[in-house]
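Participant: whatever this is, show me its structure:
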Amino acid sequence: MELELIRTYFTDGTNGNIIHANKHLCYSIELPWKENQHEISCIPEGRYELVKRHSEHLGWHLQIINVPQRYFILIHPANNALMELKGCIAPVSILSGSGMGLASRDALKILLDLVYPEFEKRAKVYLTVSS
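Facilitator: You can find the predicted model right below:
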């Protein structure tokens with residue numbers, strides 16, 4: 001399965017549109033681009049494999065693997081990139097500013113409902129990030 005994240009960069013955050021099969025699924029928020037610096041930058045554009053992940057704090061969410069020079073990059077709920085993210089991607093239902101959005105848990109549910117059945121079939125899921 002292939003997902004696309006098409007970004008728009010701003011100085012104080014990055015907004016995106018997550019698409020599957022030419023259909024809008026949700027928006028996304030991230031930190032601004034700061035040359036892939038650990039914990040203060042969004043990740044580089046590219047194609048990444050996603051895997052499912054669970055933690056007591058976040059519940060079920062996604063992990064992005066094999067990000068160059070980065071580790072532990074997740075797709076999890078957040079509504080303010082600068083305050084809640086350290087390089088991860090947060091799906092949101094509504095964009096409310098640069099790196100800010102609303103109803104993140106609802107947007108994450110849309111993503112998980114789409115991709116988790118693919119994992120159950122042992123299919124690979126990829127996210128291509130571009131601008």
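
Participant: how near is the most centrally placed residue in the chain to residue 17?
Facilitator: The residue lying closest to the centre of the chain (C-alpha atoms, centre = their mean) is residue 89, at 3.1 Å. Residue 89 sits at a distance of 12 Å from residue 17 (criterion: C-beta to C-beta, to the nearest Å). Heads up, the C-betas are built off the backbone N, CA and C, glycines and all.

Participant: got it, and residue 3?
Facilitator: Residue 3 is 11 Å from residue 17, by C-beta to C-beta.

Participant: more neighbours, those two?
Facilitator: Higher neighbour count among residue 3 and residue 17: residue 3, with 21 against 15, using other C-beta atoms under 10 Å.

Participant: in space, what's closest to that one - neighbours in sequence excluded?
Facilitator: residue 127 (4.7 Å; C-beta to C-beta, 6 or more residues apart in numbering).

Participant: how many neighbouring residues does that neighbour have?
Facilitator: Per other C-beta under 10 Å, the neighbour tally for residue 127 reads 22.

Participant: do residue 83 as well
Facilitator: So residue 83, with other C-beta under 10 Å, has 9 neighbours.

Participant: who touches the residue nearest to residue 100 when sequence neighbours are not counted in this structure?
Facilitator: Here the nearest residue to residue 100 in space, its sequence neighbours aside, is residue 80; by C-beta to C-beta, 6+ apart that works out to 5.4 Å. Applying C-beta atoms under 8 Å, 6 or more residues apart in numbering to residue 80 gives the contacts 29, 99, 100.
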